[in-house]
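In: sequence? don't have it. structure:
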C-alpha cells in the first residue's frame, strides 16, 4: 500500500508536468495563442496603469536591475507594514508588533522565496499581515523566480540579443499562472475543510470544562500560493502537519502536486524553447532519477526505524513514527519530505528534526545540490548550469571546443558558473563554522553531539537554498540567527540569479555554431547520466566532509 501511494502521486505528476510545461511555453513565448483572449484585456489594463506600453526586450543587466529594484521596493513597503501591524486593520486577536531583527529576517525570507519562519504564524502575524504582506510576497517572489528562469532559457536558446522584458514576464506569471491556479487550489482546499475566514480565534470549552483557544483565519488561500509558489511558509507554526492546513490524505496529495508540478513542467518548457523536446526530457529525467534515489533512501530509512530502538527489541514494524502524523504515515511523510526539499518549498507535514539520520540526510542533500526540480525557476537554472559545466568538462577531455545549444562555452561563462558553484557552499559552510565558534550560535543548539551539528548545518543550508524548512528545536529567534540567516537568504537568492543572467547575456552575443558530426550531443541518455554524474561529483566534493560530521556520524553512532 505504501508503494502504491507513492506511485499514484508520481503518476499524477507525470501526467500533468508536460502539459504544464507546454502551457508555460505559450505564456512566455510571446506568440499569439488562445489564452490571449482570456487574459489579454486584464494585462493590457495593467500595462497601461504601470506605463508599460512599449514592452521592448532587455539586456541581462537591465533585466537583473529591473527584478532587483522591484524586489527592493516591495521589501521596503512590506517592512513598513510589518513594523506597525498592530495598528493596521484585520487584527481581531490583538497581535502586537514584531521585534525589529525578526521583521528584517521575515521580509528577506519571503521576498527571496525562502519563507524561513522564526515565528509562529497564528500568534506572530495579524490577518492583514498574512494576506497583504506574506501572501503578496509569496506571489511576487515566485513570479520573480519564474521570470528569471524564462529569461535565462530565452538567452541560451534564442537567436535574439535580449532576454525579454522583465515586467511583461512578471505580470504574465501572475495573471496566467499563479492567480488562476491559486484560485482553483484554494477552492479545492476549502471544499476539503481547510478554513478560509476572517473570524477571530475561537474560544471553546473542552470535555474537561477548560477553555481552549482555536486559531483560524484565511488559511486555504495562503496554502494554495504557499505550495504553488514553492514558498512554504505556514499559516500555523506546525505548518502542513497542522490539521487545519492539511486535514487528510487528499489535501496532502493536492499540496504535494501543487508544489511539484510547475517545477517539473519547466524542463518541458525549456525543451519547447530549445526547439528540441529531447532536451527537455534530458533535464527532466536527470531531475527525476535523482529524486527517486533520494526518495528511496528516505522511505527505506524511515520504514526501517531507529536502529538504537530496534536493538532494544522494540517493535519496528511501523517504522519510525516519531514526529509524524498518523493520518499520513511513513510513505506520505517520506514522500512529502522529499518533494518539499526537492522543490525547495520548505513546507513540512512532519518534524524533520525527528527523522532518522539517513532520512534527515535526504532533505539536507537535496538542498545542497539545489537541482532536483528546485523552486520556481531556480532548479532549472541550476541544472542547466551543470549541463553547461558537463559539456565544458567533456569538451576538455576530448580536445574539442565545448558547445551548448549551438554556442561556444568560453572562459567568461565558466568564470560566472564557478562563482555560482562556489558561492553556494561558502554561504552555507562559513556561517555554520561561525555559529559553532560563537556563544551566540552555540547557545541556540538544543541537541548535543552530531545531531546538533546537523541542526545548525540544516538551518543555513535551508536558508542558502531558499527552502525555509528547519530542524525545529533550534532556538533561532535571536538577533544573531535572524541577521545571519537573513544575509544567507539574500546572497543565496540574488548572487546565483544575477550571475546566471550574466551567463545568458554572454551567450546571446555569440554567433551560432552549426551542428556537425563532431558536435557533442546533449539530447540523449548518455548526456543524462553525464549530467547526473557532474551534479553528484561537484556536490560530493563540496559537502561530503561536513555531511560526515553530521548525519552520517550520527547514523554510525546509533548503530
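Out: Arrived safely, thanks for sending. What you are looking at is a predicted structure, and each value in this text was computed from that prediction instead of being measured.

In: going forward, measure contacts and count neighbours with C-alpha atoms only.
Out: OK.

In: Now do the strands in the stretch 401-550 of the chain.
Out: Taking DSSP state E, counting those that start in this stretch as the criterion, the stretch 401-550 of the chain contains strands spanning 403-404, 407-408.

In: What's the local residue count around residue 119?
Out: For residue 119, the tally of surrounding residues (other CA atoms under 10 Å) stands at 17.

In: what kind of secondary structure is it in?
Out: Taking DSSP: H, G, I helix; E, B strand; the rest coil as the rule, one finds residue 119 in the coil state.

In: Return the per-residue confidence for it.
Out: According to the predicted model, the pLDDT of residue 119 comes to 89.

In: Retrieve the pLDDT associated with the residue sitting furthest away from the middle of the chain.
Out: Outermost residue of the chain with respect to the C-alpha centroid, by CA atoms, centre = their mean, is residue 209; its distance is 43.8 Å. pLDDT, residue 209: 86.

In: That one and residue 119, how far apart?
Out: For residue 209, the distance to residue 119 (CA to CA, to the nearest Å) stands at 30 Å.

In: again with residue 215
Out: Note on residue 215: its distance to residue 119, by CA to CA, is 15 Å.

In: How about residue 459?
Out: When CA to CA is applied, the distance between residue 459 and residue 119 equals 14 Å.

In: There's contact between residue 78 and residue 133 in this structure, I believe.
Out: Yes - applying CA atoms under 8 Å as the test, residue 78 and residue 133 come out as touching, 5.7 Å apart.

In: dump the residue contacts of residue 514.
Out: For residue 514, the contact set (CA atoms under 8 Å, 6 or more residues apart in numbering) comprises residue 406.

In: rewinding a little: which residues touch the residue farthest from the centre of the chain?
Out: Residues touching residue 209, when contacts are defined by CA under 8 Å, 6+ apart, are absent altogether.

In: Using the three-state scheme, assign it.
Out: coil.

In: Show me the helices in the stretch 351-500 of the chain, by range?
Out: Defined through DSSP state H, counting those that start in this stretch, the helices belonging to the stretch 351-500 of the chain, from first to last, are 357-369, 378-398, 411-437, 439-442, 449-464, 479-508.

In: Dump these into TSV; add distance to residue 538 and mean pLDDT as well.
Out: Formatted as TSV, the entries for these read as follows, by distance: least, CA to CA, whole Å; pLDDT from 0 to 100:
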stretch	distance to residue 538	mean pLDDT
helix 357-369	9	95
helix 378-398	9	91
helix 411-437	8	95
helix 439-442	28	90
helix 449-464	16	94
helix 479-508	16	95
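
In: how about those in TSV, adding mean neighbour count?
Out: Shown next, in TSV, are those (neighbours: other CA atoms under 10 Å):
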stretch	mean neighbour count
helix 357-369	25
helix 378-398	21
helix 411-437	17
helix 439-442	16
helix 449-464	25
helix 479-508	22
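
In: before we move on, what SS does residue 75 have?
Out: helix.

In: Neighbours of it, how many?
Out: Applying other CA under 10 Å, we find 20 residues neighbouring residue 75.

In: Name the nearest residue to it, sequence neighbours excluded.
Out: residue 107 (6.3 Å; CA to CA, 6 or more residues apart in numbering).

In: Check the spacing between the one you found and residue 224 real quick.
Out: Residue 107 sits 20 Å away from residue 224, going by CA to CA.
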